[in-house]
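S.K.: give me the fold of what follows.
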Amino acid sequence: MKQGIFEITENSALTENVLKMTLSGDVSEIKKSGQFINISIEGLFLRRPISVYDKTDKTVTVIYKVVGEGTERMSKMKPGDKLDVLTGLGNGFDTSLSGDKPVVIGGGVGVPPMYLLAKELKSEGKQVTAILGFNRESEIFAREEFEKICDKVIITTVDGSCGVKGFVTDALGFDYTYTYCCGPEAMLKAVYNKTVTSGQYSFEERMGCGFGACMGCSCKTKYGNKRICKDGPVLVKEEIIW
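M.R.: Model (predicted):
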């Protein structure tokens, strides 16, 4: 974990309430996909944890949804504004277990961390399929970016306005060797029950400190209690207790 001051270089809308923010600063502690950063918002006590969408040697990009006061304030920030950010948080995904045909599954704001993961898997020579789930066509984001790096991208919408009608589990009718998944807990559980392979699941959870000190995001697993912020947010299928 590392604390630093980052400068906003981009903060643009992708949909009505989803934005992409790029921050310039020391990203050396971001080692792998599935990790997150924790952003301090002036006047608010708790930082805002947001998963990493992409990174370069000098920048980190996040995609976030406006859901409360913190993200509402973030949405109004401009290039040149500076933020206090903790980087290198969470355990991230392990790509060594994926086999040669992994599937990455993201639902809503669970889509962003799957992008950097897909890039890592492709760089290792894997055949990557992405399933991206949304409620309706107007909420879809990052589709073209995924299509540039994945062998196949399947879009699902609950209302059927684009792609496969239904949920991400309705698009799982093909062969795959491993499952990576991030999204609401109900979606994670549905994928867990539908898939026959092992996999890794990134959980969304309210966090206090974001680095394991406060124990506020602890959960039970088959191997004892774990902190979502530090021991997670990624858990392997075989340890999850619903």
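
S.K.: which residue, neighbours along the chain excluded, lies closest to residue 117?
M.R.: The shortest distance from residue 117 to any non-neighbouring residue, by CB to CB, 6 or more residues apart in numbering, is to residue 33 (3.9 Å). (Glycine included, C-beta is placed from N, CA and C.)

S.K.: ok, that neighbour touching residue 52?
M.R.: Yes: at 7.0 Å, residue 33 and residue 52 qualify as touching, with contact defined as CB atoms under 8 Å.

S.K.: what touches both of the two?
M.R.: Common contact partners of residue 33 and residue 52 (CB atoms under 8 Å, 6 or more residues apart in numbering): 113, 116.

S.K.: got the residue ranges for the helices in the chain?
M.R.: Remark: helices assigned in the chain by DSSP state H are 69-75, 112-123, 143-149, 185-194.

S.K.: among those, which is nearest residue 63?
M.R.: Nearest to residue 63 among the helices of the chain is helix 112-123 (4.1 Å), distances taken as CB to CB.

S.K.: got the buried residues for the closest one?
M.R.: Residues of helix 112-123 classed as buried: 112, 113, 114, 115, 116, 117, 118, 119, 120, 121 (neighbour count, 16 or more other CB atoms under 10 Å).

S.K.: what residues sit buried inside stretch 79-90?
M.R.: Residues of stretch 79-90 classed as buried: 83, 85, 86, 87, 88, 89, 90 (neighbour count, 16+ other CB under 10 Å).

S.K.: in stretch 187-199, what counts as buried?
M.R.: When burial is assessed from 16+ other CB under 10 Å, stretch 187-199 yields the following buried residues: 187, 188, 190, 191, 192, 195, 199.

S.K.: residue nearest the centroid of the chain?
M.R.: With distances taken as CA atoms, centre = their mean, residue 113 lies nearest the centre of the chain, 2.9 Å away.

S.K.: skipping adjacent residues, who's closest to that one in space?
M.R.: Leaving aside its sequence neighbours, residue 113 sits nearest to residue 51 (CB to CB, 6+ apart; 4.1 Å).

S.K.: contacting residues around the one you found?
M.R.: Listed by CB under 8 Å, 6+ apart, the contact set of residue 51 reads 34, 35, 36, 62, 112, 113, 182, 202, 233.

S.K.: now those in TSV, with distance to residue 97 and pLDDT?
M.R.: Formatted as TSV, the contacts of residue 51 follow (distance: CB to CB, whole Å; pLDDT from 0 to 100):
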residue	distance to residue 97	pLDDT
34	13	96
35	17	96
36	21	95
62	26	98
112	22	97
113	17	97
182	16	96
202	14	94
233	17	87
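
S.K.: ok, back up a step: can you pull the contacts of the residue nearest to the centre of the chain?
M.R.: When contacts are counted by CB under 8 Å, 6+ apart, residue 113 touches 33, 34, 36, 51, 52, 53, 93, 106, 182, 202.

S.K.: relative to residue 25, which of the residues you listed is nearest.
M.R.: When the contacts of residue 113 are compared against residue 25 (criterion: CB to CB), the nearest one is residue 52, at 13.0 Å.

S.K.: so how many other residues sit close to the closest one?
M.R.: Neighbour count of residue 52, defined by other CB atoms under 10 Å: 27.

S.K.: got it, and the one 10 residues further on?
M.R.: Counted by other CB under 10 Å, the residues lying close to residue 62 total 23.

S.K.: who does it bridge with?
M.R.: Residue 62 forms beta bridges with residue 21, as assigned by DSSP bridges.

S.K.: thanks a lot, see you next time.
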